[in-house]
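**Student:** Quick one: sequence and predicted model below, then my questions.
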Amino acid sequence: MTGLSVVDLHAAHGRSPVLHGIDLTVPDGALACVLGPSGCGKSTLLRVLAGFHPAAAGQVLLHGRVLDDGRSRLAPEHRGIGLVPQDGALFPHLSVAANIGFGLPRSRRRARVGELLDLVGLPGLGERRPHQLSGGQQQRVALARALAPRPRLLLLDEPFAALDATLRAELRREVAATLRQSGTTAVLVTHDQDEALSFADTVAVLRDGRIAQAGTPHELYHRPTDAAVATVLGEANLIPAEAKGVEALTAFGPLPLVTPGATPTAALALLRPGQLRLTADPVDGAAPAKVIGSDFRGHDHRVELRPEAPGLPDVLIASSDRPWPVGSETYVSATGPVHLLPES
Amino acid sequence: MTTPAQTTSVGTTPVVGPRLRRRWRATGLLAPVAVAVVAVVASPLGFVIAQAAQAGWDQTRRLLGRPLIATLLWHTLSLAAAVTLATAVLGFGAAYLVERTTLPGRRAWTVALALPLAVPEFVRGYSWVSLFRSVHGYWGAVLVMTCSLYPLVFLPVAAALRHGDAAAEEVSRSLGRGRLATLWRVTLPLTRPALAGGVLLVSLYLLGEYGAFAMLRYTTFATAVFTQYKLGFDAASASLLTLVLVALALLLVALEAWAGRRTRVTRHGALARPAPPARLGGWTAPALLALAALVGVSLGVPLYALTYWLIKGSSTTLPSASVLGATLATLGYALGAALVATAAAVPVALYGWRHGTRPARAVERVAYLTRALPGIAVALSVVFFAVRWAQPLYQQPPMLILGYVLLFFPLALTAVRAALAQVPPGVEEAARSLGTRPLAVLGRITLPLVLPGLGAAVAMVGLTASTELTATLLLRPTGTQTLATQFWVYTSGLAYGAAAPYAALMVALSVPSVLLLTRRNLGRPGENQ
């Protein structure tokens, strides 16, 4: 069953259009993520869904019910859509329990608040004030507050952006688990590709007010439709290639194709850094390259290379288990399969 | 990236010695100066107590036990209750309409709603009394003071509504609460600190006001103190009443601190996003009408009265020479006081800004506390000081300057602090790390950065001082007339026409400071969309 569906949605700020025909479907109970750089219109999309920004044209439907069709729109308080803003926006004048119970009728408040404090792992903190909580705890309370009235859809606006890296990853996992447990349909908006890939069942890449591509995180990462989507989702090496049967001919030699068949003949092959291998001695299909930069990232090294062979871009990025001193000579080779993108 | 090895190899050990010592010396200079300034500014409180203590226990009991005290208390408190309630409702309502709805001409309305502050209370009293005989006593005082003081609530609440984040209100809407429920349960509590601060200012002004009440024939503590001192020459009785007045003011400050409590804002990162305005629809016309009525009563009536009396007065004799003399005297004293007050505020503000430490904050807080002292209390304490310890200064120009400085120091401090807040944190340290000495940093970095702010502080204090009446009446050198006192002489003799030019000049002088205040509260036009 369809939870949220957005059909050909247009929206504008004053006279400047921001969204140009968004189509987005989120199945019931799924976690979706809208990924895009700042200024791409993702916050506007979220605000249109929540009812704080009018749609210029198109339709927003939740469980088949029209929320906004560009002419009339349902007031935010009647939509049953929960909201977790970027920094939580807890009511500073209310205790944690009163924050969580804000959207509940008085009679049900007590029991449900306790239930939610347990759900977000903060039992016994109901009497605290928001300023007595850490950043992560505040976000958990904001989540509990939004979940309390059992919303039909939950919107999360970069809810982890203000937290430090470790806490962010931990809380993201936790929130995803909480949402799956409660069966809530949710849309998360972010500019962080790690967050999008690890959090969501479906990811939609938003670019200049349009959905560039939507699909599962795996699809988007390995089979992007164009070079821009490929780079938004992670570092990418794009190498001129020619499709021939089940193989792509590249400067690294022939590589197997992910999806053989309907691909353009002149194309770019997508090679993620993990698909490049560095060796000290030449191997079959390897190109000589000079190391121009190396960053240690704990689990591996990110190595920047300048290849010294024709048919390759100026800079390649590889990940390597061992450090390579800057300035050293190396040989770079590729392992397939590769995905082909149209040459832009 | 710095490794531990690199940090130690730079060798902090040899640097620590001189740097520590120099830093200590810089703090060592600033702190005593700041403390000394604040001690001087807070001294009136001590003088009032010292003078009252001279009355002796029996006299104190007899004076405080009089029914007069109960009457004065009732007059003052009942007026304060009505006016604070009225200003809170009008100020919040107007601010909400202007900041959060689709009201046409919102920017023009903001200025129009703030401008009544440019009409000094005693000039407003004059404009009503001179036009309508029936305006006097309690209700007259409520009307005049509400019209005068509601902008003190309007401005901070409008600023809070404009700069506040819409996220909390949107969350409330998404949780099923409608616009009105959200206004009551979220917006109002979030603006409570601004509202409490505004209401505090209103009630402090009410406690200290003399001119308007004298004109409206309404007695409060301030008018009683004035009468006791100026007409009865009863210093002990006057200072006892003053002490009660000061106690009331301090009680109000404590109340405000309590009302504005536990509203600490919990924000990190993300910039606040202003709320989209609510559609007024069919309510546009009534809202416009209500604001027009408010502005009409609070700004239109004084302007009409001034115009009326200016035209009527010119048919008699316009004392032009005396207007010029009074204007020059006013500006001279006001400018002198403004320069001294601003200069004195700089070390206090710097101390608080550089050192977020507990003593620094305490010093600043004491300085702000003096704003609770009614003008008449400050004036009387200056008189006592001069009579007892500085006889040659009595009724000399420095006495009036000192009175103004004590009165308006908090105003200067606020302005200087606001200017310092614009200085990016760390620039002083950056300059120091480049080898510049502390005083040179002040001269080359900090002062040039805050210079426009210091100008604003001077302007603010100077313009406010130029319309001061109560303290001026008590402290002015013999034979000197300022605009306010000359106006007072004429209106006391019911010469409304002759008083009009002085009133008009004072209003004109106040307009720039009101515009400055509006801009400081609400930011430059177009700055915060």
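**Tutor:** It's in.

**Student:** count of neighbours near B:D58?
**Tutor:** 8 (other Cβ atoms under 10 Å in any protein chain shown). (C-beta placed from N, C-alpha, C; glycine too.)

**Student:** Oh, that last question was meant for B:G443, not what I typed.
**Tutor:** Other residues close to B:G443 by other Cβ under 10 Å number 12.

**Student:** Kindly report the same for B:W139.
**Tutor:** By other Cβ under 10 Å, neighbour count at B:W139 equals 14.

**Student:** What residues of the helix or strand where it lies count as buried?
**Tutor:** Per DSSP states H and E, B:W139 falls inside helix B:137-163. Residues B:140-162 are the ones in helix B:137-163 that count as buried (16 or more other Cβ atoms under 10 Å in any protein chain shown).

**Student:** Stretch B:503-512 too?
**Tutor:** B:A503, B:A504, B:L505, B:M506, B:V507, B:L509, B:S510.

**Student:** Out of those, which comes closest to chain A?
**Tutor:** Nearest to chain A among those is B:S510, at 35.8 Å by Cβ to the nearest Cβ.

**Student:** Skipping adjacent residues, who's closest to that closest one in space?
**Tutor:** Of all residues not flanking B:S510 in the chain, B:A118 sits nearest, at 3.8 Å (Cβ to Cβ, 6 or more residues apart in numbering or on different chains).

**Student:** what is the mean pLDDT for the one helix or strand B:A94 maps to?
**Tutor:** Element membership for B:A94 (DSSP H and E) is helix B:67-100. Average pLDDT, helix B:67-100: 91.

**Student:** Just checking it against chain A, any contact.
**Tutor:** No: judged by Cβ under 8 Å from any Cβ of the partner chain, helix B:67-100 stays clear of chain A, getting no closer than 13.6 Å.

**Student:** ok, then the element right after that helix?
**Tutor:** Next element after helix B:67-100 (DSSP H and E): helix B:106-114.

**Student:** contacts for that next one?
**Tutor:** Residues from elsewhere that reach helix B:106-114 (Cβ atoms under 8 Å, 6 or more residues apart in numbering or on different chains): B:94, B:97-99, B:103, B:151, B:154-155, B:158, B:291, B:294-295, B:299, B:514-515, B:517-518, B:522, B:525.

**Student:** quick one on the thing from earlier: what helices and strands are in contact with the helix holding B:A94?
**Tutor:** helix B:106-114, helix B:137-163, helix B:192-208, helix B:221-226, helix B:235-259, helix B:284-295 (3 or more Cβ pairs under 8 Å, 6 or more residues apart in numbering or on different chains; DSSP states H and E).

**Student:** Now do the buried residues in it.
**Tutor:** Buried, per 16+ other Cβ under 10 Å, within helix B:67-100: B:69, B:72, B:75-76, B:79-80, B:82-84, B:86-88, B:90-100.

**Student:** Name the residue of chain B with the shortest distance to chain A.
**Tutor:** Taking Cβ to the nearest Cβ, chain B has B:L175 as its residue nearest chain A, at 2.9 Å.

**Student:** Could you find the residue nearest the spatial middle of the chain?
**Tutor:** Using chain A. Computing the C-alpha centroid of chain A and ranking residues by Cα atoms, centre = their mean puts A:A196 first, at 2.2 Å.

**Student:** um, chain B though
**Tutor:** So for chain B, Cα atoms, centre = their mean, it's B:L411, sitting 5.9 Å from the centre.

**Student:** Domain-wise, how is the chain divided?
**Tutor:** No chain was given, so I picked chain A. A:2-80+A:151-222, A:235-342 (automatic domain parsing).

**Student:** You answered for a different chain; I wanted chain B.
**Tutor:** In the recorded assignment (automatic domain parsing), chain B comprises B:19-45+B:316-521, B:54-260+B:289-296.

**Student:** mind putting those in TSV, distance to A:T259 included?
**Tutor:** As requested, those are exported to TSV (distance: least, Cβ to Cβ, whole Å):
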stretch	distance to A:T259
domain B:19-45+B:316-521	54
domain B:54-260+B:289-296	42
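
**Student:** what number of residues lie near the residue of the stretch 151-300 of chain A found nearest chain B?
**Tutor:** When distances are taken as Cβ to the nearest Cβ, the stretch 151-300 of chain A reaches nearest to chain B at A:A162, 3.7 Å away. Using other Cβ under 10 Å, the number of residues around A:A162 comes to 19.

**Student:** right, and it touches A:S134 too?
**Tutor:** No: using Cβ atoms under 8 Å, A:A162 is not in contact with A:S134; the gap is 11.3 Å.

**Student:** need the residues of chain A near chain B, please.
**Tutor:** Going by Cβ under 8 Å from any Cβ, the residues of chain A near chain B are A:50-53, A:75-83, A:85-94, A:102-103, A:129-131, A:133, A:135, A:138, A:142, A:145-146, A:148-149, A:151, A:155, A:161-162.

**Student:** ok, back up a step: so the residue of the stretch 151-300 of chain A closest to chain B, which state does it fall into?
**Tutor:** The three-state label given to A:A162 by DSSP: H, G, I helix; E, B strand; the rest coil is coil.

**Student:** what residue ranges in the chain are flagged as low confidence?
**Tutor:** By default, I'm working from chain A. Of all residues in chain A, those with pLDDT under 70 make up the ranges A:1, A:261-265, A:344.

**Student:** wait, I meant chain B there
**Tutor:** Looking at chain B by pLDDT under 70, you get B:1-28, B:232-233, B:260-274, B:314-321, B:435, B:523-529.

**Student:** which residues in it form strands?
**Tutor:** Here chain B has no strands by DSSP state E.

**Student:** any idea how far the residue in chain A positioned nearest to chain B is from A:R112?
**Tutor:** In chain A, the residue that lies nearest chain B is A:G103 (2.9 Å; Cβ to the nearest Cβ). Distance from A:G103 to A:R112, counting by Cβ to Cβ, to the nearest Å: 10 Å.

**Student:** Which one's more surrounded, those two?
**Tutor:** Shown here are A:G103 and A:R112; by other Cβ under 10 Å, A:G103 has more neighbours (25 against 20).

**Student:** tell me the contacts of the more buried one?
**Tutor:** A:R145, A:A148, A:P149, B:S174, B:L175, B:G176, B:R177.

**Student:** part of a helix, is the third one?
**Tutor:** I take that to be A:P149. No: under three-state DSSP, A:P149 falls outside any helix and is assigned coil.

**Student:** Tell me which residues touch the closest residue to A:V338 other than its chain neighbours, please.
**Tutor:** Leaving out its chain neighbours, the residue that sits closest to A:V338 by Cβ to Cβ, 6+ apart is A:A269, at 4.3 Å. If a contact means Cβ under 8 Å, 6+ apart, then A:A269 has A:L238, A:I239, A:P240, A:A241, A:A248, A:T250, A:L255, A:V338, A:H339, A:L340, A:L341 as its contacts.

**Student:** Let me have these in JSON lines, extended by neighbour count and secondary structure.
**Tutor:** JSON lines is the format used below for the contacts of A:A269 (neighbours: other Cβ atoms under 10 Å in any protein chain shown; DSSP: H, G, I helix; E, B strand; the rest coil):
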{"residue": "A:L238", "neighbour count": "17", "secondary structure": "strand"}
{"residue": "A:I239", "neighbour count": "23", "secondary structure": "strand"}
{"residue": "A:P240", "neighbour count": "17", "secondary structure": "strand"}
{"residue": "A:A241", "neighbour count": "29", "secondary structure": "strand"}
{"residue": "A:A248", "neighbour count": "28", "secondary structure": "strand"}
{"residue": "A:T250", "neighbour count": "22", "secondary structure": "strand"}
{"residue": "A:L255", "neighbour count": "22", "secondary structure": "strand"}
{"residue": "A:V338", "neighbour count": "25", "secondary structure": "strand"}
{"residue": "A:H339", "neighbour count": "23", "secondary structure": "strand"}
{"residue": "A:L340", "neighbour count": "23", "secondary structure": "strand"}
{"residue": "A:L341", "neighbour count": "23", "secondary structure": "strand"}
